[in-house]
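Q: turn this into a model:
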Amino acid sequence: MSKGTVLISGINGYIAAVTAQRLLDAGYSVRGTVRKSSSATALIEGPLKKYFESGAFEVVEVPDITVDGAFDEAVKGVTTIAHLATPVSFHFKDPAPILHAAIQGTRSILASAQKAGPQLQSFIHLSSIVAILTNAPAPSTLTEADWNTWAEPMISQGGDNISGVVIYGASKTASERALWAFRDEQKPNFTITALNPVYVIGPPLISPKTPKDVGETVAPVWTVFSGASYATGASAPHPTVDVRDVADLVGAVITNAKQCDGQRYIARGASASPQAMADVLRKTFPEAKDRIIEGEPGVGYEEDYQVDPQKGVVIDSDKAKTLLGRDWISFERSVVDTAKAFVHLL
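A: Sure thing, here's the model as predicted:
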């Protein structure tokens with residue numbers, strides 16, 4: 001017997017695909033949405049084949065997530081909705097279509113959720129740490145109470161030099177604000193929760209066929225592992241979290257829906273630099289030592305892969321770790337497991 005049916009938007013995405021597998025393995029049924037059915041072929045014929053053949057996994061087309069009623073058919077009979085589909089890139093050029101997709105996609109699926117039926121228990125929204133990032137000077141500590149108040153105004157002011165990072169930050173902030181506005185105004189019968197992960201790494205469910213297929217968030221691991229140049233030494237550390245932790249947080253929210261209602265959860269496991277990745281990979285893959293640039297071993301990161309609060313910004317993720325019920329997957333394991341997905345490319 002299935003524990004219930006979870007609708008996952010953008011099932012062919014990096015985080016969504018891993019989440020689907022973790023939920024299926026845990027006994028849930030999963031219905032995934034894609035813009036074109038062919039986008040899910042690799043999943044259906046690959047790692048999720050047995051679930052597709054058993055009927056536990058199905059795929060439906062939603063060509064345009066921004067259209068009113070786009071998800072009306074997809075939500076029928078589901079017990080949970082995990083809205084994981086969102087444009088992800090730090091190289092966006094034009095903010096208008098990105099903000100439109102992020103905001104209207106969220107509003108559309110929420111409107112459909114209202115029509116899903118009384119069996120719908122929870123709605124989980126994949127936001128981002130960028131919706132929390134303040135511009136407070138370091139040292140400082142970020143919690144779920146904080147909000148990004150700078151990205152959207154920068155977009156409103158316009159200009160030709162708005163970076164992709166700002167566009168991405170504005171889109172994630174605006175879409176999450178739309179989520180909470182819906183909750184305040186509509187007071188739905190289902191619970192609403194937001195997940196705010198930092199930079200996500202970890203092994204993709206399907207390994208890339210070519211270097212061009214390497215996802216943007218795991219690209220830094222590929223860069224180091226492939227032997228390309230990277231910022232060696234004391235470059236600024238980046239907060240990271242394993243994709244499997246994010247996927248398991250979705251499961252934890254489903255299990256504890258009432259407790260998680262109205263809550264945000266920061267997912268952050270470690271903070272480390274490309275130099276730290278190189279040190280881990282050179283140690284784990286001795287045959288790659290001649291390929292991976294050595295740099296300055298041990299420089300630019302803490303031994304426990306955490307940020308010293310006197311040097312930078314501390315991101316408090318204790319709330320999510322408590323919900324998860326275990327410690328975060330280690331930085332070393334995340335980097336090594338990600339690299340294993342790239343071995344065939346070398």
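
Q: name the strands paired with whichever helix or strand residue 241 is part of and say parallel or antiparallel.
A: Using DSSP states H and E, residue 241 sits in strand 238-242. According to DSSP bridges, strand 238-242 has the following sheet partners: strand 199-201 (parallel), strand 270-272 (antiparallel).

Q: the longest helix along the chain packs against which elements?
A: Ranked by residue count under DSSP state H, the longest helix found in the chain is helix 164-186. Of the remaining helices and strands, those touching helix 164-186 by 3 or more Cβ pairs under 8 Å, 6 or more residues apart in numbering; DSSP states H and E are helix 95-113, strand 122-126, helix 151-157, strand 191-197. Every C-beta, even on glycine, is put in place using the N, C-alpha and C of the backbone.

Q: show me where the chain has helices.
A: Under DSSP H, the chain gives helices at 14-25, 41-44, 49-54, 95-113, 151-157, 164-186, 219-226, 243-255, 257-260, 274-284, 318-324, 331-340.

Q: closest to residue 143 out of those?
A: helix 318-324 (7.9 Å; Cβ to Cβ).

Q: what does the pLDDT read for the most far-flung residue of the chain relative to its centre?
A: In the chain, counting by Cα atoms, centre = their mean, residue 290 sits farthest out from the average C-alpha position, at 32.9 Å. For residue 290, the model assigns a pLDDT of 95.

Q: residue 308 too?
A: On pLDDT, residue 308 comes in at 61.

Q: next: residue 92.
A: 66.

Q: go on, residue 311?
A: Reading off the model, residue 311 has pLDDT 69.

Q: so can I have JSON lines of the helices and strands packed on helix 164-186 showing mean pLDDT, mean neighbour count and distance to residue 143?
A: Output for the helices and strands packed on helix 164-186, formatted as JSON lines (pLDDT from 0 to 100; neighbours: other Cβ atoms under 10 Å; distance: least, Cβ to Cβ, whole Å):
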{"stretch": "helix 95-113", "mean pLDDT": "91", "mean neighbour count": "20", "distance to residue 143": "23"}
{"stretch": "strand 122-126", "mean pLDDT": "98", "mean neighbour count": "25", "distance to residue 143": "18"}
{"stretch": "helix 151-157", "mean pLDDT": "86", "mean neighbour count": "15", "distance to residue 143": "19"}
{"stretch": "strand 191-197", "mean pLDDT": "98", "mean neighbour count": "25", "distance to residue 143": "10"}
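
Q: quick one, which of the ones you listed is nearest to residue 173?
A: Closest among the helices and strands packed on helix 164-186, using Cβ to Cβ: helix 151-157, at 5.7 Å.

Q: tell me which other helices or strands that closest one touches.
A: helix 164-186.

Q: quick check: angle from the helix it packs on to strand 122-126?
A: Helix 164-186 runs at 160 degrees relative to strand 122-126, counting by axes from the mean of the first three to the mean of the last three Cα atoms, to 10 degrees.

Q: can you pull out the low-pLDDT segments for the stretch 201-346 of the chain?
A: Scanning the stretch 201-346 of the chain for pLDDT under 70 picks out 307-311.

Q: do that again at 90, thanks
A: 216-217, 233-238, 271-273, 300-314 (pLDDT under 90).

Q: likewise for the stretch 1-150 of the chain?
A: 1-2, 85-101, 135-140, 150.

Q: with distance to residue 306 added, can I get the helices of the chain in CSV?
A: As requested, these are exported to CSV (distance: least, Cβ to Cβ, whole Å):
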stretch, distance to residue 306
helix 14-25, 23
helix 41-44, 35
helix 49-54, 37
helix 95-113, 31
helix 151-157, 26
helix 164-186, 23
helix 219-226, 19
helix 243-255, 16
helix 257-260, 26
helix 274-284, 11
helix 318-324, 12
helix 331-340, 9
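
Q: ok, back up a step: please compute how far the longest helix of the chain lies from its chain's middle.
A: 15 Å (Cα atoms, centre = their mean, to the nearest Å).

Q: still on that earlier bit, output the strand holding residue 241 as CSV, restricted to C-alpha atoms.
A: Extracted C-alpha coordinates of strand 238-242, given in CSV (Å, rounded to 0.1, in the frame of the first residue of the first chain):
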residue,chain,number,x,y,z
HIS,A,238,30.6,28.6,-0.1
PRO,A,239,27.8,27.0,2.0
THR,A,240,26.7,23.7,0.6
VAL,A,241,24.2,21.0,1.3
ASP,A,242,23.8,17.5,-0.2
